[in-house]
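S.K.: Quick one, fold the following:
(one chain, ligands or ions: 1)
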Amino acid sequence: MLSLRNLVKVYPGPVAALRGVDLDVPRGMFGLLGPNGAGKSTLMKILAGLLEPTSGEVTLDGTDIVRNPEALRPYLGYLPQEFGFYPYLTGEAMLLYLLELKGVTAPQGLKKLTAELLERVNLTFAAKRKVKEYSGGMRQRLGIAQALAGNPKLIIVDEPTAGLDPEERLRFYRLLAEVAHERTVLLSTHIVEDVAMLCPRFAVIRQGRVVAITSPTEAKAAIQGTIFEGTATAAELSELQRTRRVTQAVLFEGRNRVRIHAPNAAVPPGFERVTPTLEDAYLLLMKDPQVPSENAEPAREVAR
Ligand SMILES: Nc1ncnc2c1ncn2[C@@H]1O[C@H](COP(=O)(O)OP(=O)(O)OP(=O)(O)O)[C@@H](O)[C@H]1O
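M.R.: Here you go, the predicted model:
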């Protein structure tokens, strides 16, 4: 179990990136969902031992990661947001180099381990191709291969599906789900679909604070019966945005299709009750004025 207690990070400025995060992350896949700037990367870097928190505690199975980052290293795999690959190396040479850099040892030899890891992430066919010829999805799979080396207890992946096309994203989801069978995988993302597809539980982070810890099913159940959808003109849409909580406004066949949260209030004419999506739940949490932006707020369990 990975446990975070009252984790605070203040950058010079000062910028309060984390304002007291409390979180327990069990085995399996766990999502950390939040908009850009919420503090996800800061949190990931602290967990990876690359950044010191201003205060607070992080433990992995009882070992203090903050005071003892070296003790953690063999148990940790990290796929950062910007992974630096050498474009002119082959996938195989790149991975071998990364394993050497990480100090991984293998009884069967590093070359064999490289081949096994490439097989694990379905890249054997591209082992001899230069990394510059890899698609975004192939690069991310190579990134997971290096994170898997040494069979870590904890894998941290920071925004791994940004920029992948739908097919690559799906393939990457399958790989992550498989990897999470045997360990804790902490997935940071601003993409709601990542969480919907992969995470039995997730935390929502907003302005450096955890504002909810829930599951996709619970989050949707909590707003069941309160989401309505209809068509609106541009003027009607501005009025709705002023007076209601709009969870979605998209153009569909040239007209505004709008989803609103209407727990008690009367529903505009033509609007019909629809099944809530995780996106609805997430957007409501992001707009929730109950979640103060400046004052301390304990983690809230949604509909438990
Ligand atoms: N080195 C730094 N110095 C000062 N401020 C920083 C630094 N790194 C991040 N920040 C600020 O801290 C806050 C949280 O940033 P962080 O990168 O952790 O967010 P994020 O949720 O990962 O967003 P993104 O997805 O855009 O990376 C932001 O306001 C950001 O501008």
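S.K.: residues in this protein within reach of the ligand, list them.
M.R.: When proximity is defined by C-beta under 6 Å from any ligand atom, the chain lies next to the ligand at 11, 13, 15, 17, 34, 36-42, 159, 190. Where you see a C-beta, it was placed from the backbone N, CA and C, and this is true even at glycine.
S.K.: So among those residues, which ones count as buried?
M.R.: Of the members of the residues of the chain next to the ligand, the ones counted as buried by neighbours, 16 or more other C-beta atoms under 10 Å, are 17, 34, 38-42, 159, 190.
S.K.: Among those, name the ones in helices.
M.R.: Secondary structure assignment by DSSP state H places 40-42 of these in helices.
S.K.: The residues you listed into JSON lines, with extra columns for pLDDT?
M.R.: Below are those laid out as JSON lines (pLDDT from 0 to 100):
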{"residue": "40", "pLDDT": "93"}
{"residue": "41", "pLDDT": "92"}
{"residue": "42", "pLDDT": "95"}
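S.K.: Can you add distance to residue 217 and give the residues of the chain next to the ligand back as TSV?
M.R.: Written out in TSV, the entries for those read as follows (distance: C-beta to C-beta, whole Å):
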residue	distance to residue 217
11	36
13	39
15	35
17	30
34	20
36	26
37	28
38	23
39	26
40	23
41	28
42	29
159	24
190	21
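S.K.: Looking at those, which is nearest residue 205?
M.R.: Closest approach to residue 205 among the residues of the chain next to the ligand (C-beta to C-beta): residue 34, at 3.7 Å.
S.K.: beta partners of the nearest residue to the closest one once chain neighbours are set aside?
M.R.: Residue nearest to residue 34 in three dimensions, not counting chain neighbours: residue 205, with 3.7 Å by C-beta to C-beta, 6 or more residues apart in numbering. For residue 205, the beta-bridge assignment (DSSP bridges) gives partners residue 210.
S.K.: And the pLDDT at residue 205?
M.R.: At residue 205, the predicted lDDT confidence score is 95.
S.K.: Ok, residue 75 next?
M.R.: With respect to pLDDT, residue 75 has a value of 81.
S.K.: what about it, how many neighbours?
M.R.: For residue 75, the tally of surrounding residues (other C-beta atoms under 10 Å) stands at 18.
S.K.: Could you tell me which residues make contact with it?
M.R.: Taking C-beta atoms under 8 Å, 6 or more residues apart in numbering, we find residue 75 in contact with 60, 152-154.
S.K.: any idea which of those is closest to the ligand?
M.R.: Within the set of the contacts of residue 75, residue 154 lies nearest the ligand; the separation is 18.3 Å, counting by C-beta to the nearest ligand atom.
S.K.: ok, back up a step: go ahead and confirm the residue nearest to residue 34 touches residue 31.
M.R.: No: look at residue 205 against residue 31 with C-beta atoms under 8 Å: they stay out of range, at 10.1 Å.
S.K.: Which positions in stretch 222-233 come out as buried?
M.R.: Of the residues in stretch 222-233, those buried (16+ other C-beta under 10 Å) are 222-223, 226-230, 232.
S.K.: just stretch 161-174 next, same as before
M.R.: Applying a neighbour-count criterion of 16+ other C-beta under 10 Å, the buried positions in stretch 161-174 are 161, 164, 168-169, 171-173.
S.K.: give me every residue that touches residue 40.
M.R.: Under the criterion of C-beta under 8 Å, 6+ apart, the contact list for residue 40 reads 32, 34, 158-159, 188-190, 205.
S.K.: Mind doing that once more with 6 Å?
M.R.: Residue 40 makes contact with 32, 34, 188, according to C-beta atoms under 6 Å, 6 or more residues apart in numbering.
S.K.: Touching, the last one and residue 46? I think so.
M.R.: By that I understand residue 188. No: counting by C-beta atoms under 6 Å, residue 46 is not a contact partner of residue 188; they are 11.9 Å apart.
S.K.: can you tell me which helix or strand residue 77 belongs to?
M.R.: Using DSSP states H and E, residue 77 falls within strand 76-79.
S.K.: Who are the packing partners of that strand?
M.R.: helix 136-148, strand 154-158 (3 or more C-beta pairs under 6 Å, 6 or more residues apart in numbering; DSSP states H and E).
S.K.: Greatest separation within the contacts of residue 75: which pair is it?
M.R.: Across the contacts of residue 75, the longest distance by C-beta to C-beta is 10.1 Å; it joins 60 and 152.
S.K.: What is the neighbour count of the nearest residue to residue 100 once chain neighbours are set aside?
M.R.: Using C-beta to C-beta, 6+ apart and skipping residues adjacent in sequence, the residue nearest residue 100 is residue 110, 6.7 Å away. Neighbour count of residue 110, defined by other C-beta under 10 Å: 16.
S.K.: Since that was my last question, I'll sign off now.
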